[in-house]
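> what shape does this take:
(one chain, ligands or ions: 1)
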Amino acid sequence: MPELPEVETVCRGLRGFLEHHTLTDVVVRRRDLRIPIPSDFEARLRGRTVQQLSRRAKYILGFLDGDDVLIAHLGMSGRLFGYRAGDPKRPTEPAKHDHVWLRTEEDTLLCYTDPRRFGLLTLCPKNKLAEHPLLKDLGIEPLSAELTPRFLSDALSRKQVPIKVALLDQAVIVGIGNIYASEILFRAHISPLRPASSLTPTERAALCPSIVAILQRAIDAGGSTLRDYVQADGELGSFQDLFAVYDREGTPCQRRACRGTIQRIVQAARATYFCPSCQH
Ligand SMILES: [Zn+2]
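Modelled structure (predicted):
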């Protein structure tokens, strides 16, 4: 499943295909995604210019001229591919799982493909975006100024769950998924088993830069390529080559002074990887 770095990478890649482009042709082949594509989707998009593409949590938001915002989510297996005019890889016919095709006045083509259909494409009026059911309960963005030791201290002090589980809580901080939670805790030397409320001020202070550093490195690497994720131009991310603990059970800890071995445990039905020797 794409996490924040993968969605950020897709969003950045799509800007060149969509931002300041005017949608001329909108074809919906299947409406029954995670939530149904609205029946007036085509009419509300056609002729509209995409003024800005941004990301909120794992949603890609396309701000249109006029009243609407296009909301896209890749779900488990969704992909958004952009093609320029004359691209030899550009398809002439929709593939089996291409549910939506968008063409622009500048002759770029955007294909939304999703074999499992857990993703979504929908529209929301700009003035209702903050209260949209998908967005209204989301926590803070980890790469924004809102992430401070003070925020973490307030958010974690009441939580008895393990810190690894607390980091995945999208109502606190959005976009930290299972892979990155393990990597963040390793970098911060914090055991994933510790109750969130037990972290000392020093540990909470160490967590903030670790969250930022791991997510930023993953974005710089174009995300991690696992299963179905690819970037908007079909390139593969490479952060999986930089994993320090994730998916490395039984291998020696990468910290020079540490002789520990990476362990895999299960927390809240998700795999956690950590070094019991240098994470306390
Ligand atoms: Zn270690």
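> starting from whatever helix or strand C111 lives in, tell me which strands it pairs with and how they run.
With elements taken from DSSP states H and E, the one containing C111 is strand 109-113. Strand pairing for strand 109-113, using DSSP bridges, gives strand 79-83 (antiparallel), strand 98-104 (antiparallel).
> which residues of the stretch 1-150 of the chain fall in strands?
23-28, 50-56, 59-64, 68-73, 79-83, 98-104, 109-113, 120-125 (DSSP state E, counting those that start in this stretch).
> pull the CA atoms of the fourth one into PDB?
If I follow you right, that is strand 68-73. C-alpha atoms of strand 68-73 as PDB (Å, rounded to 0.1, in the frame of the first residue of the first chain):
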ATOM      1  CA  ASP A  68     -14.500  21.900  -7.100                       C
ATOM      2  CA  VAL A  69     -11.500  20.000  -5.900                       C
ATOM      3  CA  LEU A  70     -10.700  16.600  -7.400                       C
ATOM      4  CA  ILE A  71      -9.800  14.100  -4.600                       C
ATOM      5  CA  ALA A  72      -7.800  11.000  -5.600                       C
ATOM      6  CA  HIS A  73      -6.600   8.100  -3.400                       C
END
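> mind putting the strands of the stretch 1-150 of the chain into JSON lines with distance to A221, mean neighbour count and mean pLDDT?
The way it works is simple: take the backbone N, C-alpha and C, and place the C-beta from them, glycine included. Below are the strands of the stretch 1-150 of the chain laid out as JSON lines (distance: least, CB to CB, whole Å; neighbours: other CB atoms under 10 Å; pLDDT from 0 to 100):
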{"stretch": "strand 23-28", "distance to A221": "31", "mean neighbour count": "16", "mean pLDDT": "96"}
{"stretch": "strand 50-56", "distance to A221": "17", "mean neighbour count": "18", "mean pLDDT": "97"}
{"stretch": "strand 59-64", "distance to A221": "19", "mean neighbour count": "20", "mean pLDDT": "97"}
{"stretch": "strand 68-73", "distance to A221": "22", "mean neighbour count": "22", "mean pLDDT": "97"}
{"stretch": "strand 79-83", "distance to A221": "18", "mean neighbour count": "23", "mean pLDDT": "91"}
{"stretch": "strand 98-104", "distance to A221": "28", "mean neighbour count": "21", "mean pLDDT": "96"}
{"stretch": "strand 109-113", "distance to A221": "23", "mean neighbour count": "21", "mean pLDDT": "95"}
{"stretch": "strand 120-125", "distance to A221": "27", "mean neighbour count": "19", "mean pLDDT": "97"}
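> residues of this structure that sit close to the ion?
253, 255, 258, 260, 275, 277-278 (CB under 5 Å from the ion).
> now rank those by neighbours and give me the top one.
C275 (24 neighbours; other CB atoms under 10 Å).
> for that residue, what are its contacts?
Residues near C275 by CB atoms under 8 Å, 6 or more residues apart in numbering: 186, 245, 253, 255, 258, 260-263.
> quick one, phi psi at the closest residue to the ion within the stretch 51-200 of the chain?
Residue nearest to the ion within the stretch 51-200 of the chain: F186 (7.9 Å; CB to the ion). Phi and psi for F186, reported as degrees, to the nearest 10, are phi -60, psi -50.
> with adjacent residues omitted, what lies nearest to it?
Closest residue to F186 apart from its sequence neighbours, by CB to CB, 6 or more residues apart in numbering: V245 at 4.7 Å.
> the one you found: neighbour count?
Count around V245 with other CB under 10 Å applied: 24.
> could I get the full set of strands for the stretch 151-280 of the chain?
Taking DSSP E, counting those that start in this stretch as the criterion, the stretch 151-280 of the chain carries its strands at 263-267, 270-274.
> so which of those strands comes closest to A43?
Comparing the strands of the stretch 151-280 of the chain against A43 with CB to CB, the closest turns out to be strand 270-274 (41.4 Å).
> Q254 is in contact with F243, isn't it?
No: using CB atoms under 8 Å, Q254 makes no contact with F243, being 9.6 Å away.
> who's more crowded, these two?
Using other CB under 10 Å, the more surrounded residue of Q254 and F243 is F243, with 19 against 15.
> separation between that one and L23?
39 Å (CB to CB, to the nearest Å).
> hang on, Y59 packs against H132?
No: judged on CB under 8 Å, Y59 makes no contact with H132 at a distance of 9.3 Å.
> list residues touching both of those two?
I71.
> what sits against the nearest residue to A205 once chain neighbours are set aside?
The shortest distance from A205 to any non-neighbouring residue, by CB to CB, 6+ apart, is to P149 (4.6 Å). Counting by CB under 8 Å, 6+ apart, P149 makes contact with 201, 204-205, 207-208.
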